[in-house]
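Asks: Can you look at this prediction? I've put the sequence above it.
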Amino acid sequence: MPHNSDDLYHELALTLLPGIGPQLTRQLMSYGSSAKNVFSLPPGKLRRIPGVGEATVKILTGPARGQALAQAEASLRKAEKEGVAILFYTSKQFPARLKLIPDAPVLLYYQGPADLNAPKAVAIVGTRQATEYGREQTEALVRGLVPHNPLVVSGLAYGIDILAHRAALQEGLATVGVMATGLDVIYPAAHRKTAEKMRETGGLLTEFAFGTQPDRYNFPQRNRVIAGLADGTVVVEAAEKGGALITAELALSYDRDVLAVPGNVSSAASAGCNNLIKANKAALYSKPADLEQLLNWDAALYQSGKFQPPPSYSPADFSVEEFALITVLLVTKEALMDDLAWRAQLPIHQVASLLLVLEFRGVVRALPGKKFVLI
């Protein structure tokens, strides 16, 4: 067994079982309290867990169990050999922004030095058939981000995605490519050199196991991770239909800000952006100040005292569950207890006791109507 913990071995195995997705994984973890315990539960106790039927019992106790454990051991060895971090959703290194989306993955494979919990993060997406205008706008956008030193997130695809990654590398910004394949399958292969540079200064991230090929169903899943990792998403060029618009819609559904670069009304490559702006689904992006104001990154606002930055909290000072609640409140500013439980994916009774502890520690304050805010 490599240096990774016994817990991670079982957590990884749980995600490799067929037919057990993120929601059911969280359900099993909430009842078993650890992945190792889940694998030890007898059929009778498994059947008492809501959402667990005979098919799931058979998966957890039958041949698939042994296959998943063997695959997990092999994957851990490969990860150790290649310097890949495997992050389960209970890990403090798991991206805090991503935990807030309801359909978040429960496990990620990550390679690179960039901080997935950087104070500022922006996603830049667009068409695979980028025009010269799209290239110019992408490069100008990234240059405008430099004073903020954000994490630049995109999908390593042809067109705007790879232009964003290369512009970030050129400007010295950390950039992370979210992949629809395993970390050992660079797709498209033409972007291998850029991906290697990103491994050194930024990172490559995926929810897919080693060896996963670029199946077309993986790309919409990949897009939700791009949207979930960032404070806001900028669509530079997009046709009337395409993956970039899916990412924008996902970002909107997660209550994240979306901006779009307007284009010539006769340009098919800008039709999607223009439609987003027309439908009031995206703010118009024409200069860095547009993004700074929308995401509260405007330095002038900080200096004038009109906007107070949120207090700084370190994951090391809190339990995983406590920090999950703090992360929700950093985004929502205030929230009802029920909403906190839903967003943090924690049982309501546990949230009540965690909030009490945080209140005693002077971290949160209760408001009328069972609302809570950070102090």
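Replies: That came through, no problem.
Asks: where's Asn37 relative to Leu17, distance?
Replies: Asn37 is 15 Å from Leu17, where distance means CB to CB, to the nearest Å. Using the backbone N, CA and C atoms, a C-beta is placed for each residue, glycine as well.
Asks: More neighbours: which of those two?
Replies: Between Asn37 and Leu17, counted using other CB atoms under 10 Å, Leu17 has the larger neighbour count: 23 against 14.
Asks: Regarding Tyr109, what is its secondary structure?
Replies: Assigned with DSSP: H, G, I helix; E, B strand; the rest coil, Tyr109 falls in the strand class.
Asks: count of residues packed around it?
Replies: By other CB under 10 Å, the residues close to Tyr109 number 25.
Asks: Could you do the one 3 residues further on as well?
Replies: Around Gly112 there are 21 other residues, counting by other CB under 10 Å.
Asks: Not counting its neighbours along the chain, what's nearest it?
Replies: Once flanking residues are discounted, Gly112 sits nearest to Gly203: 2.5 Å by CB to CB, 6 or more residues apart in numbering.
Asks: just for the stretch 101-250 of the chain, where's the confidence low?
Replies: Counting by pLDDT under 70, the stretch 101-250 of the chain contains no low-confidence segment.
Asks: now the strands for it?
Replies: For the stretch 101-250 of the chain, the strands defined by DSSP state E, counting those that start in this stretch cover 107-111, 121-125, 151-154, 175-178, 203-206, 232-235.
Asks: how much distance is there from the fourth one to the middle of the chain?
Replies: Shown here is strand 175-178, whose average C-alpha point lies 11 Å from the average C-alpha point of the whole chain (CA atoms, centre = their mean, to the nearest Å).
Asks: Run through who's touching it.
Replies: Outside strand 175-178, the residues that touch it by CB atoms under 8 Å, 6 or more residues apart in numbering are 112, 114, 116, 151-156, 161, 164-165, 168-169, 195, 198, 201-206, 222, 225-226, 229.
Asks: how about that strand: buried residues?
Replies: Buried positions in strand 175-178, judged by neighbour count with 16 or more other CB atoms under 10 Å: 175-178.
Asks: How about stretch 75-84?
Replies: Neighbour-count burial for stretch 75-84, counted by 16+ other CB under 10 Å, picks out 75-76, 78-79, 84.
Asks: Could you do stretch 132-140 as well?
Replies: Counting neighbours by 16+ other CB under 10 Å, stretch 132-140 gives 133-135, 137-139 as buried.
Asks: all helices for the stretch 1-150 of the chain, in order.
Replies: Shown for the stretch 1-150 of the chain, the helices assigned by DSSP state H, counting those that start in this stretch span residues 6-16, 22-32, 35-40, 43-47, 54-61, 63-82, 96-99, 132-145.
Asks: Take those and lay them out in a markdown table including distance to Ile326.
Replies: Putting the helices of the stretch 1-150 of the chain into a markdown table (distance: least, CB to CB, whole Å) gives the following:
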| stretch | distance to Ile326 |
| --- | --- |
| helix 6-16 | 23 |
| helix 22-32 | 19 |
| helix 35-40 | 24 |
| helix 43-47 | 33 |
| helix 54-61 | 33 |
| helix 63-82 | 29 |
| helix 96-99 | 9 |
| helix 132-145 | 26 |
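Asks: quick one: which of those is nearest Val265?
Replies: Of all the helices of the stretch 1-150 of the chain, helix 132-145 sits nearest to Val265, with 12.9 Å by CB to CB.
Asks: ok so, going back, who wins for proximity to Phe210 among the helices of the stretch 1-150 of the chain?
Replies: The nearest among the helices of the stretch 1-150 of the chain, by CB to CB, is helix 63-82 at 5.7 Å.
Asks: looking just at contacts, which helices and strands does that closest one meet?
Replies: In this structure, helix 63-82 packs against helix 6-16, strand 85-88, with contacts taken as 3 or more CB pairs under 8 Å, 6 or more residues apart in numbering; DSSP states H and E.
Asks: Outside of that helix itself, list whatever touches it.
Replies: Contacts for helix 63-82 (CB under 8 Å, 6+ apart): 1-4, 8-10, 12-14, 16-18, 39, 58-59, 84-86, 109, 111, 183-184, 209-210.
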